[in-house]
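>>> Got a predicted structure plus its sequence, pasted below:
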Amino acid sequence: MTALALHERLRYDIANGQVLDSDRRYVLLRADVLMGIFEGLSPGASQDAMNAFRDSVSRYGSASVRAYKNPSDTDGSQLLSTVAAGAASLGWGRWEIESDGDTCRLRVHNSPFAQAHLAQEKACAPIVGMFSAVCSHVWQERVLARELRCFACESPSARAATGVCTFEATRQRST
């Protein structure tokens, strides 16, 4: 029996005004409304808010990652596939994840955060947060996740042509 995709598991409890996957509540929100928060902030405040957004997604997204982790998935490949499919179900773009054991690479096609962000600066902090949470669960240790390239930083014509953001996560082994 195959597990249902996230968008098939979501339960719309209209009577109580909520969208649930088991006990995890989701909120449907337009990307431009969410990313519009950053438009009125000074550059320093905007970066602080992006960092807080990243950290919040990492911390609270870990609950979803734990729920989707299969104990028999010893190399984490099943978890990576599940999270990539879940990202698409939630409208977080199409994720392609590759891992070589010490480094994980992520390509996100059509990131809603980059698409909706009007400033020409990196916009995918929530993806960095979730990618960090996922890789931490796969490796069972701390990771450093970062966005290498964000199509929000490109010119408007290049943004339309590429639509790909790239990320990398590496193990942060204790010395």
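Thanks, I have it. Numbers count the residues shown, from 1 in each chain.
>>> what helices or strands is the longest helix along the chain leaning on?
In the chain, taking DSSP state H as the definition, the longest helix is helix 43-68. In terms of contacts (3 or more C-beta pairs under 8 Å, 6 or more residues apart in numbering; DSSP states H and E), helix 43-68 is packed against strand 24-26, helix 77-89, helix 125-139. Just so you know, the C-beta spots here come from the backbone N, C-alpha and C atoms, and that holds for glycine as well.
>>> Single out the most deeply packed of those.
Of all these, helix 125-139 has the most neighbours on average by mean count of other C-beta atoms under 10 Å, namely a mean of 25.
>>> now it, how far from the centre of its chain.
7 Å (C-alpha atoms, centre = their mean, to the nearest Å).
>>> what sits up against it?
With contacts defined as C-beta atoms under 8 Å, 6 or more residues apart in numbering, helix 125-139 is touched by 50-51, 53-59, 61-62, 65-66, 69, 75-76, 79-80, 83, 87, 92-93, 99, 104, 106, 108, 111, 113, 142-147, 165, 167, 169, 171.
>>> of these, buried ones?
With burial judged by 16 or more other C-beta atoms under 10 Å, the buried subset of these is 50, 53-54, 57-58, 61-62, 65, 69, 76, 79-80, 83, 87, 92-93, 99, 104, 106, 108, 111, 113, 143, 145, 147, 165, 167, 169, 171.
>>> returning to what we had before: quick one: the longest helix of the chain to helix 77-89, angle?
Counting by axes from the mean of the first three to the mean of the last three C-alpha atoms, to 10 degrees, helix 43-68 lies at 120 degrees to helix 77-89.
>>> Next secondary structure after the helix or strand of the chain with the lowest mean pLDDT?
The helix or strand of the chain with the lowest confidence, counting by mean pLDDT, DSSP states H and E, is helix 156-162 at a mean of 73. Where DSSP states H and E defines the elements, the next helix or strand beyond helix 156-162 is strand 164-171.
>>> Pairing partners for that following strand, with directions?
strand 103-109 (antiparallel), strand 143-149 (antiparallel) (DSSP bridges).
>>> Tell me if I am right that Trp92 is in a strand.
No: counting by DSSP: H, G, I helix; E, B strand; the rest coil, Trp92 is located in no strand; its state is coil.
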